[in-house]
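Colleague: Take this sequence and fold it.
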Amino acid sequence: MMTPQLKALTQQLKQRARDLGFDLVGIAPAGPAPQADAYARWLARGYHGAMGYLARPDAVAARAEVQQRLPNARSLVVLGISYATGALPELLAADPSRGRIASFAWGMDYHDLLKPRLYALDGWLRGRTGRTTPGKVSVDSAPVLERGWAQQAGIGFSGKNTCLIHPRLGSWLLLATLLVPEELEFDEPATLTTDVAAAAPIALLDIEQQTPRAPAWRFADGARGGCGGCTRCLADCPTQAFAAPFVLDARRCISYLTIELKGAIPRELRPRLGNWIFGCDVCQAVCPWNGRRCQTDAAKATALFAPRLDDLAPPLLDLIELDDAALRARFRRSPLLRAGPRGLLRNVCVALGNWGHPVAVPALARRLADPEPLLRSHAAWALGQMDDPAARLALARGWRTETDPDTRLEISLALDKSSKGAHAT
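Modeller: Here you go, the predicted structure:
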């Protein structure tokens, strides 16, 4: 039986979380993870790609049961914070000579922003209960199925794009959790409703009527949400990364390809990356829940995340000339370093190839002599996208000195492509 004291403590904790900048807070009982079975099926299908750490038995077990992280845990506090600072100016978004970056990475690394707040929240709770041991915090770096827990804690629903969506704040949300031994007052999870039409924004009602409608959810505060028959995120994904509604094949996702994948980007997917060099926002940008109904406070998000103007859409030609040290200095404390200088420059090569402007040929030609085979191979691919004599000359020179078999294959394919293009003209 929940005592008045614990009810009051729970409300005070939620207020403290809001004071620390969190927009959403819900509490679920610690125990078996919701959506653990779906996660196991996702892994079995290989949709995690090269992220082998997700499939380690110990990590899978920890995700299925949060008390493996804290055996005496009784409550999981789930928090959400909006990073909706506004859309990229159209002039920058439409410029293929600039690298596009997912909006969560426009400012400093969100781990550095959120973890101190989580520790502060836990410290506040310890001070009220006398607990001497810390709780367990997580900002997507620990084995916690945050989105399933967020739905269980009543702060959103899972969209067809696999993002957590809040009926008023949309999906531009970062999630965090705090696992504690105190038994707090638990929030009601959203409940299924058959009133699908009322759960969808008006703009959704006439879209893809032939598509089975998704479940609709009713929240404890009366809000309702769901995807209805909308398939905008599925249809507009540049790489068609959704195997089905609510199921993401990470192996095709631009965010995975530009951040998590450490090797070569599959050749057939490179043209679809456009000028995205770190992450992708498409499936959220087209979501009606992030449209006019969205009630995020852009000024608050901007003040908290402080987007760095130079990181909104940096010129590709500037980035391709930077070495490891310069890239680390340029993006110090930025999420972009998660891809590493090697991965980021690989992405820049692909974006330059998709731009296809001959002005990039000299810089790409210099990358053909890079010590890193991954960069040489992607520079070769990029040069092969350009119908330019200087590009063909650079490839021919590279062929004469290249010893890496993967890079030689890329140069060979690029020369063949450029030769056919030259004959066609």
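
Colleague: Burial check on P71, number of neighbours?
Modeller: 8 (other Cβ atoms under 10 Å). The C-beta positions use only the backbone N, C-alpha and C, and glycine is treated the same way.

Colleague: Model confidence for it, exactly?
Modeller: Here, the pLDDT recorded for P71 equals 95.

Colleague: you'd agree it is in a helix?
Modeller: No: if the criterion is DSSP: H, G, I helix; E, B strand; the rest coil, then P71 is coil and not within a helix.

Colleague: Return the distance of stretch 337-352 from the chain's centre.
Modeller: The chain centroid and the centroid of stretch 337-352 are separated by 16 Å under Cα atoms, centre = their mean, to the nearest Å.

Colleague: pull the CA atoms of that stretch into CSV?
Modeller: The C-alpha trace of stretch 337-352 is given here as CSV (Å, rounded to 0.1, in the frame of the first residue of the first chain):
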residue,chain,number,x,y,z
LEU,A,337,33.2,12.1,-32.5
ARG,A,338,31.1,8.9,-31.8
ALA,A,339,31.7,8.0,-35.5
GLY,A,340,35.5,8.7,-35.0
PRO,A,341,37.5,10.8,-37.5
ARG,A,342,37.9,7.8,-39.8
GLY,A,343,34.2,7.2,-39.9
LEU,A,344,33.3,10.8,-40.3
LEU,A,345,35.7,11.3,-43.2
ARG,A,346,34.4,8.1,-44.8
ASN,A,347,30.9,9.7,-44.7
VAL,A,348,32.2,13.0,-46.1
CYS,A,349,33.7,11.1,-49.0
VAL,A,350,30.3,9.6,-49.8
ALA,A,351,28.5,12.9,-49.5
LEU,A,352,31.1,14.5,-51.9
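
Colleague: Now it: buried residues?
Modeller: 337-339, 341, 343-352 (16 or more other Cβ atoms under 10 Å).

Colleague: which one of the residues you listed is nearest M51?
Modeller: R338 (12.7 Å; Cβ to Cβ).

Colleague: Leaving out the residues flanking it, which one is nearest to that closest one?
Modeller: Distances taken as Cβ to Cβ, 6 or more residues apart in numbering put I259 closest to R338, at 5.8 Å, once the chain neighbours are dropped.

Colleague: Check P358 too.
Modeller: D388 (4.4 Å).

Colleague: Surely the residue nearest to R338 touches G279?
Modeller: Yes: if you go by Cβ atoms under 8 Å, I259 and G279 touch, sitting 6.2 Å apart.

Colleague: Assign V25 to helix, strand or coil.
Modeller: Applying three-state DSSP: V25 is strand.

Colleague: related to what we said a few turns ago, filter the buried residues of stretch 337-352 down to the ones in helices?
Modeller: P341, G343, L344, L345, R346, N347, V348, C349, V350, A351, L352 (DSSP state H).

Colleague: so what's the first one up against?
Modeller: The neighbours of P341, taking Cβ atoms under 8 Å, 6 or more residues apart in numbering as the test, are L322, D323, D324, L327, R328.

Colleague: Buried subset of those residues as a PyMOL selection?
Modeller: Paste this into PyMOL to select the buried members of the contacts of P341, with burial taken from 16+ other Cβ under 10 Å:
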select buried, resi 322+327
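
Colleague: out of the contacts of P341, who's nearest L13?
Modeller: Distances from L13 to the contacts of P341, taken by Cβ to Cβ, are shortest for R328, at 38.4 Å.

Colleague: Contacts only, for that closest one.
Modeller: Per Cβ under 8 Å, 6+ apart, neighbours of R328: L337, P341.

Colleague: Got phi/psi on it?
Modeller: Main-chain dihedrals, R328, degrees, to the nearest 10: phi -60, psi -40.

Colleague: Count the neighbours of P238 for me.
Modeller: Neighbours of P238 (other Cβ under 10 Å): 17.

Colleague: I'd guess it is in a strand, am I close?
Modeller: No: using three-state DSSP, the assignment for P238 is coil, not a strand.

Colleague: give the contact list for it.
Modeller: I254, R272, L273, G274, W276, C280, V282.

Colleague: Spatially, what comes nearest to the first one if we skip its sequence neighbours?
Modeller: Across the structure, with Cβ to Cβ, 6+ apart as the measure, the residue nearest I254 apart from its sequence neighbours is C280 (3.7 Å).

Colleague: Neighbours of V286, how many?
Modeller: 17.

Colleague: Was I right to think it contacts R232?
Modeller: Yes: with contacts counted by Cβ under 8 Å, V286 reaches R232, the gap being 4.4 Å.

Colleague: if I look at M51, how far off is V78?
Modeller: 23 Å (Cβ to Cβ, to the nearest Å).

Colleague: This structure: strands as residue ranges?
Modeller: 24-29, 75-82, 100-101, 136-138, 157-158, 164-165, 173-180, 191-193, 216-218, 224-226, 242-244, 247-248, 276-278 (DSSP state E).

Colleague: Ok, which of these comes nearest Q35?
Modeller: Nearest of those (Cβ to Cβ): strand 157-158, 8.0 Å.

Colleague: Quick check: neighbours of the closest one in the sheet, parallel or antiparallel?
Modeller: Taking DSSP bridges as the criterion, strand 157-158 forms sheet pairs with strand 164-165 (antiparallel).

Colleague: Just the residues contacting the strand it pairs with, thanks.
Modeller: With Cβ under 8 Å, 6+ apart, strand 164-165 has contacts from 80, 146-147, 150-151, 155-159, 171, 173, 175, 225, 287, 289.

Colleague: Give me the number of neighbouring residues for the nearest residue to Q68 once chain neighbours are set aside.
Modeller: Using Cβ to Cβ, 6+ apart and skipping residues adjacent in sequence, the residue nearest Q68 is A62, 4.6 Å away. By other Cβ under 10 Å, the residues close to A62 number 18.

Colleague: if I pick A62, what's in contact with it?
Modeller: Q68, R69, A142, P143, V144.

Colleague: If you go by neighbour count, which of those residues are buried?
Modeller: R69, A142, P143, V144.

Colleague: and the residues you listed as JSON lines, adding distance to E372?
Modeller: Putting those into JSON lines (distance: Cβ to Cβ, whole Å) gives the following:
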{"residue": "R69", "distance to E372": "37"}
{"residue": "A142", "distance to E372": "31"}
{"residue": "P143", "distance to E372": "32"}
{"residue": "V144", "distance to E372": "34"}
